[in-house]
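Engineer: What follows is a predicted structure for the sequence shown.
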Amino acid sequence: MLHLKSAPHSLSLSFARSALMLVGASVAAIWAGCTSSQALTPQSCQGAPGAEYCACRSDGNCNTGFVCATDLQLCVHLAGTPPPPPTTGGSTGNNSGGSTGTGASTSTGGAHVTGNGGSSGSAGAGSVLSRGPTPAANGTNFPFPQNRQSSSCVYPTAYDNNDVMAAYTKWKSDLITSNGAGGFQRVQRTSSDPLGNGGATPLNSTVSEGIGYGMIIAVYMGDQALFDNLWKYEQLHLDSNGLMNWCIDATGNTTMANGQTVGQGAATDADEDMAWALVMADKQWGGQGSLSKSYSAYALQQIQNIWNHEVTDSKLAGPGDGWPGSAWDNINISYFAPSYYRVFKQVDSTHDWEAVNQTVYDTIFGPSDDFSKALSASNKNVTNGLVPAWCNSNGGGSGAGPFNYQYDACRTPFRIGIDWCLNGSMTTSNAAIDPARAKRYVALTSSFFSGVGAANLVDGYNMDGTMNASAHPVSQGQSAAFMGPAAVGAMSSAQYQSFLNDAYKLVKGNNLYIGGQYYDECWTVMSLLMMTGNFLDYTQLTPAK
């Protein structure tokens, strides 16, 4: 805990110190971005909030907008208070701007306030990047930005909350519509998105997956009105199991193709995302907003519906609630969400969500982590982590879809990676659900993708890591759905910092749309939320004061 002198806010911050220097009777704690000569002149080393001035003044005070952390003799920026402009010896940079740093804050919890990186701006010398956590206000417990960085993961050195806000604003303008939404709002597909088999996902249609993505984005951006409207739209299109039909056309009807209804039935990945978002909404806002009952009541209902209709044999998260044949023969690993199941267990303690969690990792590695299932010598993917889009329980092919790393499978490093980032500090006596298994998986994908390089990453791979025939050459464009999750997986270790930084720069450009604007733009925003410490498990956190 940092001790703040005359602080108008109570901040729970911790700072790593790269060096200590005795200056007379005072101690100056400096960051790697500060030189020894700058440390000799209090207040002379400036940078980003969370990695800024090297020392408090001799009188124990700081410049306007900062407060002295007396135990470390550091001046820290107060969330929500604009920092002053640089005075002497400000942070320097070339045309790409500001200072960089390496100090990582750590503690024993699941998510933390400050993190591994200094700042880098786009405005030249002296550029300063803001950092959260923003204190609770106006009925929102975790307003954007939070920037709660996990001690288990690393973050892009120069992440910028403005990148997230710009991507969110564009996403909302491009994809959110009230047309055909029954008086509410929905996320619509665009002309650049595939029409699906036989036209199952027509122009301007809405898939349940998109509602799940939208609810996640809305809750982390603090947009309660949008969140409520998306859920109300979802409630208009339920199947007989109380779960959303997977595709609705622009007029509000379940989609048809070749004269047959094809959009009926639920998709597990979408339903899980909605359930997670509802739990987070309960922690974000509490109560019920404009809904007919509370967020917590809807969360429990959604989680139990998933268990009753989409979990097979009390341990496998299957593809949906209406798939023909055995779910064990039609497994989509990118639907697995182990970090969610840990929270679902808290909400719905009557069901064995730990067994579902174990099946995630057993399906990927084999029960003994012996690479005998989806990752196997026969699949030629034991060193790269490239799981197939669809497989059976033994890791072989499935009639449900392709057996390569494509636009479903590419989400896997995100879904597995967040289990490590959000839960890496937890302890468990059950090795089968230890988050270390998540880290082991993303170490494989991160090693592969960092070897390829962000600039060379394409939108389709065979199991052996060669480019799939369906993939686009980089000259035609790249996909945020591939790039963003690959980067999130790389957050698991500083070993992949360079790839993470490069991938972040590409994702923040918000133009990696080769896979279709709806899908890639959603993954742009969600990946940026995670890479900036804003995709969080609120059940582990306390609102900032």
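Structural biologist: Nice, I can see it.

Engineer: Could you confirm I418 falls within a helix?
Structural biologist: Yes: membership of I418 in a helix is supported by DSSP: H, G, I helix; E, B strand; the rest coil.

Engineer: Now for it: which residues touch it?
Structural biologist: Taking CB atoms under 8 Å, 6 or more residues apart in numbering, we find I418 in contact with S339, V488, M530, F535. (Each C-beta comes from the backbone N, C-alpha and C, glycine too.)

Engineer: ok, the last one touching V525?
Structural biologist: Which is F535. No: using CB atoms under 8 Å, F535 is not in contact with V525; the gap is 9.8 Å.

Engineer: Comparing these two, which shows the higher neighbour count?
Structural biologist: The neighbour comparison of F535 against V525 (other CB atoms under 10 Å) goes to V525, with 29 against 23.

Engineer: residue contacts, the more buried one?
Structural biologist: Residues counted as contacts of V525 (CB under 8 Å, 6+ apart) are V164, A167, Y168, W171, I217.

Engineer: what about stretch 180-197, how long is it end to end?
Structural biologist: Separation of the first and last residues of stretch 180-197 by CA to CA, to the nearest Å is 23 Å.

Engineer: Likewise for stretch 395-404?
Structural biologist: 12 Å.

Engineer: buried sites along it?
Structural biologist: Neighbour-count burial for stretch 395-404 flags G395, S398, A400, G401, P402, F403, N404 (criterion: 16 or more other CB atoms under 10 Å).

Engineer: Next, give phi and psi for the last one.
Structural biologist: Dihedral pair for N404: phi -150, psi 170, per degrees, to the nearest 10.

Engineer: check contacts around it.
Structural biologist: By CB under 8 Å, 6+ apart, N404 lies in contact with P388, A389, G460, Y461, N462, M463, N468, S470.

Engineer: Which residue ranges of this structure form helices?
Structural biologist: 36-40, 161-175, 208-221, 224-235, 268-284, 295-310, 338-347, 353-365, 412-423, 436-452, 480-490, 497-508, 517-531 (DSSP state H).

Engineer: would a markdown table of the ones you listed with distance to A257 and mean pLDDT be doable?
Structural biologist: As requested, the helices of the chain are exported to a markdown table (distance: least, CB to CB, whole Å; pLDDT from 0 to 100):
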| stretch | distance to A257 | mean pLDDT |
| --- | --- | --- |
| helix 36-40 | 66 | 40 |
| helix 161-175 | 23 | 98 |
| helix 208-221 | 17 | 98 |
| helix 224-235 | 22 | 98 |
| helix 268-284 | 19 | 99 |
| helix 295-310 | 23 | 98 |
| helix 338-347 | 31 | 98 |
| helix 353-365 | 31 | 98 |
| helix 412-423 | 28 | 98 |
| helix 436-452 | 34 | 98 |
| helix 480-490 | 24 | 98 |
| helix 497-508 | 33 | 98 |
| helix 517-531 | 18 | 98 |
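
Engineer: tell me the most buried of the ones you listed?
Structural biologist: helix 480-490 (a mean of 31; mean count of other CB atoms under 10 Å).

Engineer: From the contact counts, what lies against it?
Structural biologist: Using 3 or more CB pairs under 8 Å, 6 or more residues apart in numbering; DSSP states H and E, the elements in contact with helix 480-490 are helix 412-423, helix 436-452, helix 497-508, helix 517-531.

Engineer: so L316 touches W328, yeah?
Structural biologist: Yes: assessed by CB under 8 Å, L316 is found in contact with W328 at 6.5 Å.

Engineer: What's the separation between the residue nearest to T177 when sequence neighbours are not counted and G210?
Structural biologist: Nearest residue to T177, sequence neighbours excluded (CB to CB, 6 or more residues apart in numbering): Q188, at 5.2 Å. Going from Q188 to G210 by CB to CB, to the nearest Å gives 8 Å.

Engineer: intersection of neighbour lists for these two?
Structural biologist: Listed as contacting both Q188 and G210 by CB under 8 Å, 6+ apart are L175, Y518.

Engineer: So this structure: which segments form each domain?
Structural biologist: Annotated domains of the chain cover 1-131, 163-535 [automatic domain parsing].

Engineer: Adding distance to P543 as columns, could you present the ones you listed in CSV?
Structural biologist: CSV is the format used below for these (distance: least, CB to CB, whole Å):
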stretch, distance to P543
domain 1-131, 11
domain 163-535, 9
